[in-house]
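J.: Below are the sequence and a predicted model for it; my questions follow.
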Amino acid sequence: MTAYAFWNNKGGVGKSFLSFVAATEYARTYPNTDVYVIDLCPQANISETLLINSDVFHKLIGKKPRATVAGYLEARLNSPFRIIKDVSPYVCRPRDFNKNLPDNLLLVCGDNLLEILSEAIRQTSQLAIPVDAWKQVLNWIKDLTFALRNRSGNRDALFILDCNPSFAIYTQLALAAAENLVIPFTPDDSSRRAMENVVALLYGYNMEDPKVETYAKISFSKRAREEGLVIPKLHTFVSNRVTLYRGTASRAFEAVNEAIKETLETLHKKHRQIYATPKETPSERFIEIPDYHSACVIMATMGIPLHNLRPGPHKVRNKQVQINPEPLERYQEALTNFVECL
């Protein structure tokens, strides 16, 4: 069993879209593996993409219990320290609603109720009894992955956890359930700063500002170490929506990429243990995805996986969008290379 969390402390970098690509392409490539998507973002973007029809989304929310990740977390709140073995009420098969998708792709749907539940979850984690309440609550989603793994029986299982940019309690639950962290980013300074926040929040390290590191060490990362909470390793860095000029990244984009690589290389020299592949330099785990907005919009809006996307005209909300063969081929190749890293 392997679990990947897709997270950056910055919004709009393509976490949900890359989660969608990773889940659908991995499921197609490995039909004997159950690929579970757990949507831990209150916006539920990846759930909407997989299910296509908003009526289906509302139907899942309307069930009793809610057939969503919030439904599962409500059940945990009702009995915080009892593990739920039968999690089938919270899982759906998106192919039942979207025939473009592989049969072995499964979803624990997102839910805007996550935001409302977050304070109750946080307060439960602060209970004085049991003494390990914080660790037990932070492992609620990890418990869910174990239950789903048992549900799959003898089949392999892979988990894709889509996260919200904030470091809210539901993001912490997702990160505590993952073995590996995939960090999508756009080549700009705000993404670089957000990536530094990821390292400070999760591991308590900061390469630029000693004061940040001082505060980081007394928060989540410190408590995780003290209580033996396993947190994910840095796995892959995805430079998303790269502007190309004559087939290569523009100088401005490349300059920011290099700055991010240098920061991570410096960190690697001091703290190799936080990387999933400590013997490799971080730059070896960088993937560049060219910007192809039209293809991204069609896939996200119509729930079409990368392998099913074809060149030619496509109608999106009564507007015709053209997909040209050459940029599509380049886009598919880059995204396929990314999925092969998982």
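T.: Right, received. Where do you want to start? Numbering: from 1, shown residues only.

J.: Which stretches in the stretch 201-342 of the chain count as strands?
T.: Counting by DSSP state E, counting those that start in this stretch, the stretch 201-342 of the chain has strands at residues 233-242, 244-245, 248-249, 286-290, 312-316, 319-323.

J.: can you check the stretch 51-200 of the chain too?
T.: Using DSSP E, counting those that start in this stretch, strands in the stretch 51-200 of the chain cover 105-108, 156-163, 180-185.

J.: Using CSV, please lay out those together with distance to Asn78.
T.: (Glycine included, C-beta is placed from N, CA and C.) CSV is the format used below for the strands of the stretch 51-200 of the chain (distance: least, Cβ to Cβ, whole Å):
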stretch, distance to Asn78
strand 105-108, 18
strand 156-163, 23
strand 180-185, 30
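
J.: As CSV, those strands with mean neighbour count and distance to Gln136 would be great.
T.: Shown next, in CSV, are those (neighbours: other Cβ atoms under 10 Å; distance: least, Cβ to Cβ, whole Å):
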stretch, mean neighbour count, distance to Gln136
strand 105-108, 26, 20
strand 156-163, 25, 19
strand 180-185, 25, 22
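
J.: Those strands: which one's closest to Ser19?
T.: strand 156-163 (4.3 Å; Cβ to Cβ).

J.: What lies in contact with that closest one?
T.: By Cβ atoms under 8 Å, 6 or more residues apart in numbering, the list of residues contacting strand 156-163 from outside reads 1-7, 15-16, 19, 22-23, 26, 30, 32-41, 45-46, 110, 141, 145, 148-149, 171, 174-175, 177-178, 342.

J.: Next step: the residues you listed restricted to strands.
T.: 2-6, 33-40 (DSSP state E).

J.: Of those residues, keep whichever come out buried.
T.: Neighbour counting over these (16 or more other Cβ atoms under 10 Å) leaves Ala3, Tyr4, Ala5, Phe6, Thr33, Asp34, Val35, Tyr36, Val37, Ile38, Asp39, Leu40 as the buried ones.

J.: Name the spans of the stretch 151-300 of the chain whose pLDDT lies under the cut-off.
T.: Along the stretch 151-300 of the chain, segments meeting pLDDT under 70 span 207-218, 241-252.

J.: Show me the helices in it, by range?
T.: 169-177, 189-203, 210-216, 220-227, 251-270, 293-302 (DSSP state H, counting those that start in this stretch).

J.: for the ones you listed, which one sits closest to Tyr90?
T.: helix 169-177 (14.1 Å).

J.: so what secondary structure elements neighbour that closest one?
T.: strand 2-6, strand 33-40, helix 113-125, helix 133-138, helix 140-151, strand 156-163 (3 or more Cβ pairs under 8 Å, 6 or more residues apart in numbering; DSSP states H and E).

J.: Return the distance of it from the chain's centre.
T.: 11 Å (Cα atoms, centre = their mean, to the nearest Å).

J.: thinking Asp189 is in contact with Val256, fair?
T.: Yes - Asp189 lies in contact with Val256 (Cβ atoms under 8 Å); the separation is 6.6 Å.

J.: okay, the helices and strands packed on helix 169-177 in TSV with distance to Phe338 next?
T.: Shown next, in TSV, are those (distance: least, Cβ to Cβ, whole Å):
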stretch	distance to Phe338
strand 2-6	11
strand 33-40	15
helix 113-125	27
helix 133-138	29
helix 140-151	22
strand 156-163	13
